[in-house]
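**Q** Mind looking at a prediction? Sequence and model below.
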Amino acid sequence: MRLFHGLSAFPITPCDAAGEVDTDAFGELVARLETAQVDSIGLLGSTGTYAYLTRPERKRAIKAAVAARINTPLIVGIGALRTDEVMTLAADAQNAGADALLLAPVSYTPLTQDEVFTHFQTVAKATDLPISIYNNPGTTHFNFSLPLLQRLAELPNIAAVKMPLPTGGTIADDWAQLRAALPDDFAIGYSGDWGCAEALLAGADTWYSVIGGTLPDVSLALTKAAQSNDTVSAQAVDAALEPLWALFKEYGSLRVVYFIAQHLGLTTAMPPRPILPLGKKAQTRIIAALSDLKY
């Protein structure tokens, strides 16, 4: 089991209007990813709408996923506002059978670099599971500096980072800077699906994939081509996915993958309110984008 490498596929967490997880549908989504042989399954990330779920529902989701998989590692998001709450969620995930954790520094009051270091240090001491840093400034409004990543990488149990696509310069340059500054055994991966072909071709360890949680086959095709340094094939798959990337950027990936899951008959669940489902115009464009995929 190679954690934090290859395709980490993040499914939605289907719930009813009251926020109760449909554990049967969720288990089927997880089993589908295991059948496709993704490298890991990311539960309760942003695509899994962790911020909208209560502690009991998070626990139910993890247990349903553990029951549905056999071999695929489960990486569980434990982000929350308070450090003590995160420690509790980490214990819940470990007790339920998670293999690793994903931690975003969720905040209301803006956090300092030292506060986030102490937050991670405290959580890492409270669990035996390896932790991936979730650097997602688009939702947390916190960006990890390189010196902070270096400090965190020296802590026991802090084993990886999930990076956003850089806002300036190339992904290859961003990855090279991180690789030179961080320990050799510290895994560096990226999210932002439209840039991850470039990231994998540059040498990134992991693609933390939104689309992989719903369309694992095409995502694996891209991942395997990039990992084999088959630039032509990787770029061809990426080009085939470009209409979906455009929709992700326009409407937000969460809204798009919810409709894809509904269109494929995987769930009838809607995004958690106040997020609204997409209208007919966007739905028609998504269906057209899917019809052009040959995976």
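**A** It's in.

**Q** distance of Leu111 from Ala90?
**A** The gap separating Leu111 from Ala90 is 18 Å, by Cβ to Cβ, to the nearest Å. All C-beta atoms are positioned from the backbone trio N, CA, C, and that covers glycine.

**Q** Looking at the two, which one has more neighbours?
**A** Ala90 (24 against 17; other Cβ atoms under 10 Å).

**Q** Can you verify my assumption that that one contacts Ala126?
**A** Yes - using Cβ atoms under 8 Å, Ala90 is in contact with Ala126, at 6.1 Å.

**Q** Now for Thr83: which residues touch it?
**A** Thr118, His119, Thr122, Val123 (Cβ atoms under 8 Å, 6 or more residues apart in numbering).

**Q** Mind doing that once more with 7 Å?
**A** His119, Thr122, Val123 (Cβ atoms under 7 Å, 6 or more residues apart in numbering).

**Q** most neighbours, which of these?
**A** Tallying neighbours with other Cβ under 10 Å puts Val123 at the head of those, with 22 neighbours.

**Q** Now that one. Nearest residue, chain neighbours left out?
**A** Val86 (5.3 Å; Cβ to Cβ, 6 or more residues apart in numbering).

**Q** those helices in the stretch 1-150 of the chain, which residues are they?
**A** 23-36, 55-68, 83-96, 113-125, 137-140, 146-153 (DSSP state H, counting those that start in this stretch).

**Q** Turn those helices into JSON lines, including distance to Tyr251 and mean pLDDT.
**A** Listed next are these as JSON lines, based on distance: least, Cβ to Cβ, whole Å; pLDDT from 0 to 100:
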{"stretch": "helix 23-36", "distance to Tyr251": "21", "mean pLDDT": "98"}
{"stretch": "helix 55-68", "distance to Tyr251": "25", "mean pLDDT": "98"}
{"stretch": "helix 83-96", "distance to Tyr251": "29", "mean pLDDT": "98"}
{"stretch": "helix 113-125", "distance to Tyr251": "30", "mean pLDDT": "98"}
{"stretch": "helix 137-140", "distance to Tyr251": "15", "mean pLDDT": "94"}
{"stretch": "helix 146-153", "distance to Tyr251": "31", "mean pLDDT": "98"}
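
**Q** helix or strand right after the lengthiest strand in the chain?
**A** Secondary structure assigned by DSSP state E gives strand 158-163 as the longest strand of the chain. Downstream of strand 158-163, the first helix or strand assigned by DSSP states H and E is helix 171-181.

**Q** So for that following helix, what gets flagged as buried?
**A** Ile171, Asp174, Trp175, Leu178, Arg179 (16 or more other Cβ atoms under 10 Å).

**Q** Also stretch 23-34?
**A** So for stretch 23-34, counting by 16+ other Cβ under 10 Å, buried means Thr23, Ala25, Phe26, Gly27, Glu28, Leu29, Val30, Ala31, Arg32, Leu33, Glu34.

**Q** again, but for stretch 223-236
**A** In stretch 223-236, counting by 16+ other Cβ under 10 Å, buried: Thr223, Lys224, Ala225, Ala226, Gln227, Ala234, Gln235.

**Q** still on that earlier bit, could the helices of the stretch 1-150 of the chain go into JSON lines alongside distance to Ala288?
**A** Formatted as JSON lines, those follow (distance: least, Cβ to Cβ, whole Å):
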{"stretch": "helix 23-36", "distance to Ala288": "23"}
{"stretch": "helix 55-68", "distance to Ala288": "32"}
{"stretch": "helix 83-96", "distance to Ala288": "39"}
{"stretch": "helix 113-125", "distance to Ala288": "42"}
{"stretch": "helix 137-140", "distance to Ala288": "27"}
{"stretch": "helix 146-153", "distance to Ala288": "40"}
